[in-house]
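1. sequence first, predicted coordinates after that:
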Amino acid sequence: MNKPELEYNQNEDHMQLEVSRVKQYLTKIFSGGGKKNMEKIKQRGKLTPRERIKYLVDDESIFNEIGAFAGFEMYEEEGGCPAGGTVAGIGYVSGRQCVIVANDMTVKAGAWFPITGKKNLRMQEIAMENRLPVIYLVDSAGVYLPMQDEIFPDKEHFGRIFYNNARMSAMGITQIAAVMGSCVAGGAYLPIMSDETLMVEGNGSIFLAGPYLVKAAIGESIDADTLGGAETHNAISGIADYKFKTDEDCLDQIKKIMAKLGSLPTAGFDRAASIPPGKKTEDIYGIFPSDRTKPYDMLEIVKRITDNSEFEQFKEEYGKTILCGYARIDGWAAGIVANQRLTVKAKTGQMQMGGVIYNDSADKAARFVMNCNQKKIPLIFLQDVTGFMVGSRSEHAGIIKDGAKLVNAVANSVVPKITIILGNSYGAGNYAMCGKAYDPRFIYAWPTAKIAVMGGEQAAKTLLQIQVSALKKQGKGISPDEEKKLLTEITGRYDKQTSPYYAAARLWVDAIIDPLDTRKMISESLAAANHAPVTEKFNVGVIQV
């Protein structure tokens, strides 16, 4: 076996292990609050949140789960919060692509942790940006009281959910709420601010204050069903619109409602007949290096996600550390901006390191982003970037100015942006290549992704120098062995904070995906984005030339 074949096999084995790790974590996450809690809800004749979603979405259709890793390895003192206590994503119901949000009553009775609120707000953001109908499957005990200060009062906390309910209603976005369990306190506003409210008898209840609080507040003794059950709100208060005996009957009615929605204007993004890639998609595992410092040809990755492996390069001979060009992905027309990881020779004769953004590549990418906005073509960013080039040559050539052009173009882009983080996503390179702060419609990470202000080795050494300097100022010495131990501790802590799991737990990315699913995820994201007409005019504002 020659060296290229050996490296290919090593890369393939490494990626398979990384993907396997993701699946192992997801298996645990999908168990929610555990077997015991699952059994409890079964005894009440209820479906689990994942069973509800499976029953609701069309057979053989794709359900793109968002935020499965939300809360991962967080709130451990509280017993954890798998998937942020909410199962959510984008699926098809009666042929209509929509956002689905289901409280997981097996996790602390569906109570809202801080990450639960952040995840629900993210799903509403997706619905608003892409003009997608929303289906809420409500089964929640409300705010998790021990952490109420982190979920209740601020702008992006619990109350923002109802603010968004009102805004979406005004925007003409359909919202359907099925109350299949508890819906208490402030959370009671969500179903009532939706277009239609469905309730399941015996399990569903809506009230601002439950029986215990009512007794404490006004001395009235009353049971939950009489206070705010399905019969009460359908026959007496008029708050609810339908009542059903079972979860399944309730979900069937949602399907009927969705089947009757009228058509709305689309963005009109161009889509032709889909053609599979001409090159084997499975080769991605072998092409992408297990050692993130090693070079590889990003063009070979691009050709394994595009239709017929075709990619029309823009300014191919200029700014070679960023690839720009037009392609189709599952039939959708798209503009691709990708970091090239090969070291290349510039027209000046200078060798440019792969993964670094130079003056010419920033200038080229900015112009390409502008072109895609002019032509109403969605943008796909493939990130594996270590940052902008530093040093006197780049500074004197105006790297900050050229970088600002790119950042300006990306920030003001009005066509949908979808970001995939393959490997490194460091420093301002994260911003220029449409990181989370730059409002991508969707942002996904491969299991090999790393997100940080700088590379782990550089950051650890910088932090070590700061700590050693602080100790010396205190008159304390540090031996080489102690210094080595401290460096190892810092590196370990930093590596954990830069992992894709850390990012996904905090919703910096929407999902960690199998690289082989990249094409499918981009296609589904473009399908969602096509529901929202582009009404803003592209304008980059003031830039240095």
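-> Yep, that arrived.
2. pretty sure Q497 contacts A452?
-> Yes. Counting by Cβ atoms under 8 Å, Q497 does reach A452; the two are 7.2 Å apart. Quick note: C-beta positions are derived from backbone N, CA and C, even for glycine.
3. not counting stretch 347-360 itself, show me its contacts.
-> 295, 317-322, 339-346, 361, 365, 384-389, 393-394, 397-399, 402-403, 406, 423-424, 429, 432 (Cβ atoms under 8 Å, 6 or more residues apart in numbering).
4. looking at those, which are in strands?
-> 322, 339, 344-345, 384-385, 387-388, 423-424 (DSSP state E).
5. filter the residues you listed down to the buried ones and hand me the PyMOL line.
-> Provided next is the PyMOL selection string for whichever of those are buried by 16 or more other Cβ atoms under 10 Å:
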select buried, resi 322+339+344+384+385+387+388+423+424
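6. tabulate the ones in strands among the contacts of stretch 347-360 in a markdown table, adding columns for distance to A127 and pLDDT.
-> Below are the ones in strands among the contacts of stretch 347-360 laid out as a markdown table (distance: Cβ to Cβ, whole Å; pLDDT from 0 to 100):
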| residue | distance to A127 | pLDDT |
| --- | --- | --- |
| I322 | 32 | 97 |
| N339 | 31 | 97 |
| V344 | 42 | 87 |
| K345 | 47 | 83 |
| D384 | 30 | 97 |
| V385 | 30 | 96 |
| G387 | 34 | 90 |
| F388 | 35 | 90 |
| G423 | 31 | 96 |
| N424 | 31 | 94 |
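7. out of the ones in strands among the contacts of stretch 347-360, who's nearest A511?
-> G423 (16.8 Å; Cβ to Cβ).
8. what sits against the closest one?
-> Per Cβ under 8 Å, 6+ apart, neighbours of G423: 288, 292, 341, 355, 383-384, 446, 448-450.
9. and if we set it to 6 Å?
-> 292, 384, 448 (Cβ atoms under 6 Å, 6 or more residues apart in numbering).
10. okay, those residues in TSV with distance to P4 next?
-> Putting those into TSV (distance: Cβ to Cβ, whole Å) gives the following:
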residue	distance to P4
R292	19
D384	20
T448	20
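11. out of those residues, who's nearest A272?
-> So of those, ranked by how close each gets to A272 (Cβ to Cβ), first place is D384, at 28.4 Å.
12. just checking, the closest one touches A338?
-> No. Counting by Cβ atoms under 6 Å, D384 sits too far from A338 to count as a contact (7.9 Å).
13. got the buried residues for whatever helix or strand G492 lives in?
-> Using DSSP states H and E, G492 sits in helix 480-497. Within helix 480-497, the residues that count as buried by 16+ other Cβ under 10 Å are 486-487, 490-491, 494-495.
14. counting by contacts, list what that helix packs against.
-> On a contact count with 3 or more Cβ pairs under 6 Å, 6 or more residues apart in numbering; DSSP states H and E, helix 480-497 meets helix 456-473.
15. repeat that with 10 Å
-> strand 450-452, helix 456-473, helix 500-505 (3 or more Cβ pairs under 10 Å, 6 or more residues apart in numbering; DSSP states H and E).
16. please name the nearest non-neighbouring residue to K345.
-> Leaving aside its sequence neighbours, K345 sits nearest to M351 (Cβ to Cβ, 6 or more residues apart in numbering; 5.8 Å).
17. now that neighbour: phi and psi?
-> Main-chain dihedrals, M351, degrees, to the nearest 10: phi -80, psi 130.
18. tabulate the helices and strands packed on helix 480-497 in CSV, adding columns for mean neighbour count.
-> Shown next, in CSV, are the helices and strands packed on helix 480-497 (neighbours: other Cβ atoms under 10 Å):
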stretch, mean neighbour count
strand 450-452, 21
helix 456-473, 14
helix 500-505, 22
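19. comparing those, which yields the minimum mean pLDDT?
-> Per-stretch mean pLDDT for those is lowest at helix 456-473 (a mean of 74).
20. how much space between T27 and S20?
-> 11 Å (Cβ to Cβ, to the nearest Å).
21. shared neighbours of these two, which are they?
-> Counting by Cβ atoms under 10 Å, 6 or more residues apart in numbering, T27 and S20 have no contacts in common.
22. can you list the low-confidence ranges for this protein?
-> Applying pLDDT under 70 to the chain flags the ranges 1, 455-457, 545.
23. tell me what the closest residue to G429 other than its chain neighbours is bridged to.
-> Nearest residue to G429 in three dimensions, chain neighbours excluded: V385, at 3.4 Å (Cβ to Cβ, 6+ apart). Counting by DSSP bridges, V385 forms beta bridges with S425.
24. wait, T281 sits on L516?
-> Yes. Using Cβ atoms under 10 Å, T281 is in contact with L516, at 5.7 Å.
25. find residues that contact each of the two.
-> Common contacts of T281 and L516 (Cβ under 10 Å, 6+ apart): 304-305.
26. and the angle from the helix holding G492 to helix 456-473?
-> Here helix 480-497 runs at an angle of 130 degrees relative to helix 456-473 (axes from the mean of the first three to the mean of the last three Cα atoms, to 10 degrees).
27. still on that earlier bit, quick one, what contacts the residue nearest to G429?
-> V385 sits in contact with 321-322, 338-339, 341, 354-357, 421-433, 435, where contact means Cβ under 10 Å, 6+ apart.
28. still on that earlier bit, give me the common contacts of Q497 and A452.
-> Common neighbours of Q497 and A452, using Cβ under 10 Å, 6+ apart, are 459, 503.
29. S425 reaches Y444, doesn't it?
-> No. The pair S425 / Y444 is not scored as a contact, 11.9 Å apart, by Cβ under 10 Å.
30. those two: who's more crowded?
-> Looking at S425 and Y444 with other Cβ atoms under 10 Å, you find the greater number of neighbours at S425, namely 29 against 25.
31. ok, the residue nearest in space to the middle of the chain - contacts?
-> For the chain, the residue nearest the mean C-alpha position is D510 (1.3 Å; Cα atoms, centre = their mean). Applying Cβ under 10 Å, 6+ apart to D510 gives the contacts 64-70, 89-90, 119, 122-123, 126, 419, 436, 440-445, 504, 521, 525.
32. restricted to helices, list the residues you listed.
-> Among those, DSSP state H puts 119, 122-123, 126, 504, 521, 525 in helices.
33. just put those residues in JSON lines and tack on distance to Q10.
-> Output for the ones in helices among the contacts of D510, formatted as JSON lines (distance: Cβ to Cβ, whole Å):
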{"residue": "K119", "distance to Q10": "37"}
{"residue": "R122", "distance to Q10": "37"}
{"residue": "M123", "distance to Q10": "39"}
{"residue": "I126", "distance to Q10": "38"}
{"residue": "A504", "distance to Q10": "26"}
{"residue": "M521", "distance to Q10": "26"}
{"residue": "S525", "distance to Q10": "31"}
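34. pull out the buried residues from the one helix or strand K36 maps to.
-> Assessed by DSSP H and E, K36 sits inside helix 35-43. Going by neighbour count (16+ other Cβ under 10 Å), the buried part of helix 35-43 is 37-38, 41.
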